[in-house]
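In: Okay, here's the prediction I keep looking at, along with the sequence it came from:
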Amino acid sequence: MRASCLAAVLILLDIFLVSFTASASKMGLVHETTASEAAPITQRDATHLQAVEDHPPPEHEKTHAQSGHVNLGEVLPIWSCIPFIGMLLSIALFPLLLPEFWHHHFGKVSAFWAVCMGLPFVIAFKGVALHEILHIILADYVPFIILLWSLFTVSGGILLRGSLRGTPVVNTVILAIGTLLASWMGTTGAAMLLIRPFLKANKHRKNRTFMVVFFIFLVANVGGSLTPLGDPPLFLGFLHGVSFFWTLKIFPQMLLVSVLLLMAYFIMDTYFYRREGLSAKTLDEKKEPLRLEGYHNFLFLLGIIGCVLFSGIVDWGEISTLGIHRAVQDWVRDGLLILMGVLSMMTTSIRVREDNDFSWAPIIEVAYLFMGIFITMIPCLSILKAGSTGALAALINSVQKPYHYFWMTGALSSFLDNAPTYLTFFNTAIGSFFSGMPEVEAVPLLMTEKSIYLAAISAGSVFFGSVSYIGNAPNFMVRSIAEEAGTPMPSFFGYILKYSLVFLITVFLIVTVVFFR
Amino acid sequence: MKFERVLFHTQFREYAFNSLKALLHLKKAGLKEVVLVYIIPREDVGFVPYGGYLKDAEKRIHAEAESHFKDWQKAIHNAGIRSVIRIKSGILNACILKIAEEEKVDLIVTGAKKRTTLEKIYVGSHILDILRRSQVPVLMGKYMVEFESDEGILSRKNSRIFERPLLATDWSDPSERGLSAIRALKGVVKSAVVTHVVDSKLIKGMDSSQIAELEKESNRRLAAYRERLRKETMPAEIHLAIGKSVPEILRISRETEATLIIMGKTGKDWIEQYWLGGVSHRVAELSELPVLLVP
């Protein structure tokens, strides 16, 4: 078994190596064997770097220009996206088909796809490829994981105790509060804070499945659409230059979706509540007053918001780390975010975390999987950035209208994780409207002149993350906690057919008609 | 203090059953019921990335653990002791401490892993955490261990752990309760050892007369401990040492051929203990003997 796995890996590596080398030859990066070839940076790069030194581009542009990013996107073939697709399909299919295998070996699967892409890529493109990999790790992956970790750690230190009675009004209010909180403490944080009290409040109810499903819709997804803290795709947008408050522009869309879903929820809950024959009098449980423990963690949440905000406002220049230029304020932000998490751990009673059933497992899983996702997505992003000169020109040319972006981003976000999907279409838009233009110049134009497209991408990636269990990381955490607490949850397809198609798709059609025609 | 209800936590490692059998000797000291506990770590069945909860796996693990326990229950029953089974999914330490509270046990017994390449008995962070947080005494069982000595790596089987306990006292209230623990073991203890280590830091700057006075006072206190044990018809010997606490306690435990180290767990300097580990934690980590920590 192991031998055949190893053989498969070697064959795949070989195929990718041969093909990448062919592409590299096209680009002119592979030449006759000389002493200089052993060096990590090729002669062509060196010449290019010298030219860059003589005429330095703007800071953000510099990183891409030095790496030959645009050129890479033009020569990379479409099949170089296979490891990325393989990675995303693994996330989509393994939990369904081989859940136990996946649970124990997801890290190896992630590493497998990363190596399939990374190793031949580095051998073929040498310094340029290494630069690309380091760039995506240091500039995207590291801050992404640090933000998620800090939000996860801090929100895991807040515990809501007390007894709530799960009536339609109370449940709707909890969902509304969760929806509002999600943009400020992250969908994961808000979901983890409220899911257990929500389940506890409704443990006397017979029909609880739809409640958790609407919780996933609203708190774990839609609610996170207003700030870069809310949902990972928006933070990736922020890292790529979308300003912190720009995302508030999708408040009308978020409000419409939330109101429609909350109304649908309230009607359903009222119907079932009456049918179950429950009333406040029938619930004779001892009432425990509501109280928050570990509420000082809200200060650290404010600190996190402040850190992200400040990194988007100040400009303290750049420093080079392993040849990757990053803004000083970004490193400072990452350091402060870690500090917020550490302070939360030091100042929060271990009992609060245990009563919250706090576990590092979900964040460790996300860290492993996203390492694979970020590395394998490099060719895909490069090709999309190349616009009509890249191998995905057909896709870029076919996605033109705002509703195209909304539904395409959404459709993929439903079944692939929404963070990489956001970046994919973010780059599609840049490639489509501002082909060849450096990101640092293109993003402000995207926010102003083509803001409806960015809104469609943002809304599509966040909203549609709730269409399936695999659309967004908090979905599976909520499902896991609900099942553990004895709430039956629908199967993967049951969730989509019974709930997503009925409620979400209807609401998204209305959103399309109102905002993205 | 009494040891009538004991929580026995296991992860079904090698020698877990032998460790349980060694515990059954407590019957002579009044043991009436053993609560057999197995915790399914949530990470093993929950939070499947982008999946959900492995209900079937949980059921299977639960059934396997129950089957093991039912087998063990026969031996417990044959010893004339009652037993209950508690299998739960969740956070390991939180669950153990919660069950201890619910079952109102007098003692928590948990095991240490086998020797690692670091050539010492590995005490997982979860055990240290239980030692730190438990409100009832915690016995860290070490049925079969390998340890480092001047003669190289030796192995030791701790099967009759209650026959010759060593109480390492620092005169604190928890140490006083450690003495009560020895008295509660009456019936299984053949002889006891009481020791006190005057830490070398303490005598720094003292002249010889002050040191002599300190020794005299320490010996007087040790003799008082011995007298109290004799009243319980437990023969006891006393040992006073000067030096570094942890190595001295380990040395005396070996020289006196003790079978168990009993120590009080002090609540002071908890921050330092949390990060660096106090004397009791270090002894628990380094000794080849089982260690009973009394809060």
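Out: Perfect, I can see it now. Residues are numbered from 1 along each chain as shown, chains lettered A, B, ... in the order given.

In: In the chain, where is pLDDT below threshold?
Out: Since no chain was named, I'll use chain A. Applying pLDDT under 70 to the predicted model, the residue ranges of chain A that meet it are A:1-71, A:278-286, A:416-417.

In: nope, chain B please
Out: By pLDDT under 70, the low-scoring segments of chain B are B:112-126, B:266-277.

In: Does the residue lying closest to A:Pro233 once chain neighbours are set aside lie in a helix or a strand, and which?
Out: Spatial nearest neighbour of A:Pro233, excluding adjacent residues (CB to CB, 6 or more residues apart in numbering or on different chains): A:Tyr422 at 3.2 Å. For every residue, glycine as well, the C-beta is placed using N, CA and C. Assignment of secondary structure by DSSP states H and E places A:Tyr422 within helix A:418-433.

In: Any idea how far that helix is from the middle of the chain?
Out: For helix A:418-433, the distance from its own C-alpha centre to the chain's C-alpha centre is 13 Å (CA atoms, centre = their mean, to the nearest Å).

In: Give me the buried positions along whatever helix or strand B:Leu179 lives in.
Out: Counting by DSSP H and E, the secondary-structure element that holds B:Leu179 is helix B:173-184. Across helix B:173-184, burial judged by 16 or more other CB atoms under 10 Å in any protein chain shown covers B:174-175, B:177-179, B:181-184.

In: repeat for stretch B:252-266
Out: Taking 16+ other CB under 10 Å as the neighbour-count basis, stretch B:252-266 is seen to contain the buried residues B:252-253, B:256, B:258-266.

In: residues in contact with the nearest residue to A:Thr167 once chain neighbours are set aside?
Out: Of all residues beyond its chain neighbours, the one nearest A:Thr167 is A:Tyr273 (6.6 Å), with distances taken as CB to CB, 6+ apart. For A:Tyr273, the contact set (CB atoms under 8 Å, 6 or more residues apart in numbering or on different chains) comprises A:167-168, A:205.

In: Secondary structure element for A:Tyr273, which one?
Out: helix A:251-275.

In: What is the distance between stretch A:244-254 and the centre of its chain?
Out: When C-alpha coordinates are averaged (CA atoms, centre = their mean), stretch A:244-254 and its chain have centres 17 Å apart.

In: contacts for that stretch?
Out: Contacts of stretch A:244-254 from elsewhere in the structure, counted by CB under 8 Å, 6+ apart, are A:222-223, A:225-228, A:230, A:234, A:237-238, A:308-309, A:312, A:447, A:451, A:454-455, A:458-459, A:463, A:511, A:515.

In: Next: stretch A:169-178.
Out: The set of residues external to stretch A:169-178 that reach it, using CB under 8 Å, 6+ apart, is A:164, A:190-191, A:193-194, A:197-198, A:201-202, A:211, A:214-215, A:218-219, A:223, A:258, A:262, A:265-266, A:269.

In: Look at B:Leu7 and tell me its secondary structure.
Out: Following DSSP: H, G, I helix; E, B strand; the rest coil, B:Leu7 is assigned to strand.

In: Thought B:Ile39 was touching it, still the case?
Out: No: between B:Leu7 and B:Ile39 no contact is recorded; they are 11.3 Å apart, counting by CB atoms under 8 Å.

In: Which neighbours do the two have in common?
Out: Taking CB under 8 Å, 6+ apart as the contact criterion, the residues that touch both B:Leu7 and B:Ile39 are B:Ile96.

In: Can you name the next helix or strand after the helix holding A:Tyr422?
Out: The C-terminal neighbour of helix A:418-433 among helices and strands, as given by DSSP H and E, is helix A:439-448.

In: what's the very next helix or strand once past that following helix packed up against?
Out: Toward the C-terminus, helix A:439-448 is succeeded by helix A:451-463 as the next helix or strand (DSSP H and E). Counting contacts by 3 or more CB pairs under 8 Å, 6 or more residues apart in numbering or on different chains; DSSP states H and E, helix A:451-463 is packed against helix A:232-239, helix A:251-275, helix A:402-415, helix A:418-433, helix A:439-448, helix A:505-515.

In: can you redo these as TSV with distance to B:Phe12?
Out: As requested, the helices and strands packed on helix A:451-463 are arranged in TSV below (distance: least, CB to CB, whole Å):
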stretch	distance to B:Phe12
helix A:232-239	39
helix A:251-275	43
helix A:402-415	40
helix A:418-433	40
helix A:439-448	55
helix A:505-515	48
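
In: Give me the subset of the buried residues of stretch B:252-266 lying in strands.
Out: Those of the buried residues of stretch B:252-266 mapping onto strands are B:260-264, per DSSP state E.

In: still on that earlier bit, quickly note the distance from the residue nearest to A:Thr167 to A:Glu293.
Out: As judged by CB to CB, to the nearest Å, A:Tyr273 and A:Glu293 stand 29 Å apart.

In: For A:Thr487, give me its contacts.
Out: The neighbourhood of A:Thr487, defined by CB under 8 Å, 6+ apart, consists of A:199, A:208-209, A:211-212.

In: coming back round to it: which helix or strand lies directly C-terminal to the helix holding A:Tyr273?
Out: Reading on from helix A:251-275 to the C-terminus, the next helix or strand found by DSSP H and E is strand A:291-293.
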